[in-house]
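Asks: Below are the sequence and a predicted model for it; my questions follow.
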Amino acid sequence: MKALVKYGKGQNDLELRDIPEPIPQENEVKVKVKATGICGTDLYGYSAVKPPVVLGHETAGIVVKVGKEVKDIRVGDKVTTETTAYICGQCKFCQSKNYNLCIHRKGLGSAVNGAFTEYFVIRKESIHIIPPHINFISASLFEPLSCATHAVMEQANLLKGETTVILGPGPFGLLTAQVAQALGARVIIVGIKGDEKRLALAKNLGISLVFNIEKKDLEDYLSNIITENGIDVIFECSGSIAAVKYGLKIIRKGGRFIQAGIVHQPIKLRFDKILFDKELTIIGSRTQKPSSWDKAINLVNKGEVNLEKLVSDVLPLSNWKEGFKRAKEKNSIKVVLQPDK
């Protein structure tokens, strides 16, 4: 079968190869891939990727085979999956189902073969049934949505009526904004030059407070639209050093700053300003865990999050180079690849 293999650490060490179909172990499920989204970790090969490995972890498909120990998942089920392919099961994080923090964890598409292919296998515990009214292309976005529910609902514990600013209107920022709005928060989403299409989509998704901060001074405008309490929560979703510094500048005293975007360069911060002057709470948000998925699926079932509108491009796996090119451009939003027919 064809698979997109990251075969080395280099930026361009990536090619479509023929590999054997995987065979599920006793506690595993084999899935026929229908759609897989392109994520930033696929594009830029962060340190979590351990080549050689088939990339792809935002996925949905149909169960074609199950191991002997799998009882509640059947051939023919429409499914999506968590990215957790292996855990130690013994550490305090595994015992509390915070699998995203297990130091022995192996992720789908980073440490074990992923879903930019025709078939993949995954442990039964990671499988989730797709709601019947959701198509495969939309369902491939459940993984980034689960990362957003983890950030908003579990890490920030965002409350109804709080004011929040989302820095970065990419796919993850747009999902984060939808989750925050579903909780009844006042949501402001911010972008820069080149984000026009994404900011327009934010408005289409019902986010009324949308800004290009290079055209309008957000700080001046905020004084007219928010209470004296200021910005309660910042979600940094871009991974930009400039965005991190900007968010720390505009957040209120005693606020909560959630770093959800991956910052892959060193950053210098004035901790006296952050901790002493403002007494901020700074929280990291790392991927997702089982409870995040339950919340994500519930929000979609209630119609409070729209996945379909985020998909801008659907291409065959054989055209992955064009897909990766579009995913790096702000004119696209979410790019999804499908196995060639």
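Replies: Nice, thanks for sending it over.
Asks: Hmm, residue 281 is touching residue 258, no?
Replies: No: using C-beta atoms under 8 Å, residue 281 is not in contact with residue 258, being 9.2 Å away. Where C-beta positions appear, they are placed from N, C-alpha and C, glycine not excepted.
Asks: Next, residue 159: secondary structure please.
Replies: With DSSP: H, G, I helix; E, B strand; the rest coil as the basis, residue 159 sits in coil.
Asks: and it, how many neighbours?
Replies: By other C-beta atoms under 10 Å, the residues close to residue 159 number 12.
Asks: Could you do residue 250 as well?
Replies: 17.
Asks: now do the one 4 residues further on
Replies: Using other C-beta under 10 Å, residue 254 has 12 other residues around it.
Asks: Would it be right to say that residue 202 lies in a helix?
Replies: Yes: Residue 202 forms part of a helix when assessed by three-state DSSP.
Asks: From residue 127, how far out is it?
Replies: Separation of residue 202 from residue 127 (C-beta to C-beta, to the nearest Å) stands at 32 Å.
Asks: rewinding a little: when residue 281 and residue 258 are compared, which one has more neighbours?
Replies: residue 258 (24 against 14).
Asks: Assign that one to helix, strand or coil.
Replies: strand.
Asks: Sketch out the low-pLDDT regions of this structure for me.
Replies: Applying pLDDT under 70 to the chain flags the ranges 45-46, 216-217, 219, 221-228.
Asks: Within the sheet, what are the partner strands of the one helix or strand residue 190 maps to, with directions?
Replies: In this structure, residue 190 sits in strand 186-191 according to DSSP states H and E. Counting by DSSP bridges, the strands paired with strand 186-191 are strand 163-167 (parallel), strand 209-212 (parallel).
Asks: Quick check: which of those is nearest to residue 252?
Replies: strand 163-167 (8.6 Å; C-beta to C-beta).
Asks: thinking again about what came up before, now do the strand holding residue 190: distance to the chain's middle.
Replies: How far strand 186-191 lies from its chain's middle: 18 Å, per C-alpha atoms, centre = their mean, to the nearest Å.
Asks: quick one, domains of this structure?
Replies: For the chain, automatic domain parsing gives the domain ranges 2-141+307-338, 147-284.
Asks: Dump these to JSON lines, plus distance to residue 296.
Replies: Formatted as JSON lines, the domains of the chain follow (distance: least, C-beta to C-beta, whole Å):
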{"stretch": "domain 2-141+307-338", "distance to residue 296": "9"}
{"stretch": "domain 147-284", "distance to residue 296": "5"}
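Asks: Can you tell me the element the most centrally placed residue in the chain falls in?
Replies: Nearest to the mean C-alpha position of the chain, by C-alpha atoms, centre = their mean, lies residue 144 at 2.6 Å. Using DSSP H and E, residue 144 falls within helix 142-149.
Asks: which secondary structure elements does that helix contact?
Replies: Contact partners of helix 142-149 among helices and strands, from 3 or more C-beta pairs under 8 Å, 6 or more residues apart in numbering; DSSP states H and E: strand 58-66, strand 78-81, helix 171-182, helix 290-301.
Asks: okay, these in JSON lines with distance to residue 218 next?
Replies: Listed next are the helices and strands packed on helix 142-149 as JSON lines, based on distance: least, C-beta to C-beta, whole Å:
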{"stretch": "strand 58-66", "distance to residue 218": "31"}
{"stretch": "strand 78-81", "distance to residue 218": "36"}
{"stretch": "helix 171-182", "distance to residue 218": "15"}
{"stretch": "helix 290-301", "distance to residue 218": "27"}
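Asks: Of those, flag the one that's most buried.
Replies: Stretch with highest mean neighbour count among these: helix 171-182 (a mean of 27; mean count of other C-beta atoms under 10 Å).
Asks: Point out the other elements, helices or strands, that that one touches.
Replies: helix 142-149, strand 163-167, strand 186-191, helix 196-204, strand 233-236, helix 290-301.
Asks: Strand 186-191 and that helix, what's the angle between them?
Replies: If you take axes from the mean of the first three to the mean of the last three C-alpha atoms, to 10 degrees, helix 171-182 sits at 170 degrees to strand 186-191.
Asks: what's next to helix 171-182, contact-wise?
Replies: Under the contact criterion C-beta atoms under 8 Å, 6 or more residues apart in numbering, helix 171-182 has outside partners 37, 141, 144-145, 147-149, 151-153, 158, 164, 166-167, 169, 187, 189, 198, 201-202, 205-207, 235, 237-238, 260-261, 299, 302, 304-306, 310, 333-334.
Asks: same deal with stretch 295-303?
Replies: Under the criterion C-beta under 8 Å, 6+ apart, residues 128, 131, 134, 142, 145-146, 148-149, 153-154, 178-179, 182, 288, 305, 307 lie in contact with stretch 295-303.
Asks: mind checking the end-to-end distance for stretch 33-51?
Replies: Terminal residues of stretch 33-51 lie 21 Å apart, using C-alpha to C-alpha, to the nearest Å.
Asks: List the buried residues of it.
Replies: Under the neighbour-count criterion of 16 or more other C-beta atoms under 10 Å, stretch 33-51 has 33-43, 45, 49, 51 buried.
Asks: can you give me the offset of it from its chain's centre?
Replies: A distance of 11 Å separates the centroid of the chain from that of stretch 33-51, by C-alpha atoms, centre = their mean.
Asks: That'll do, ta.
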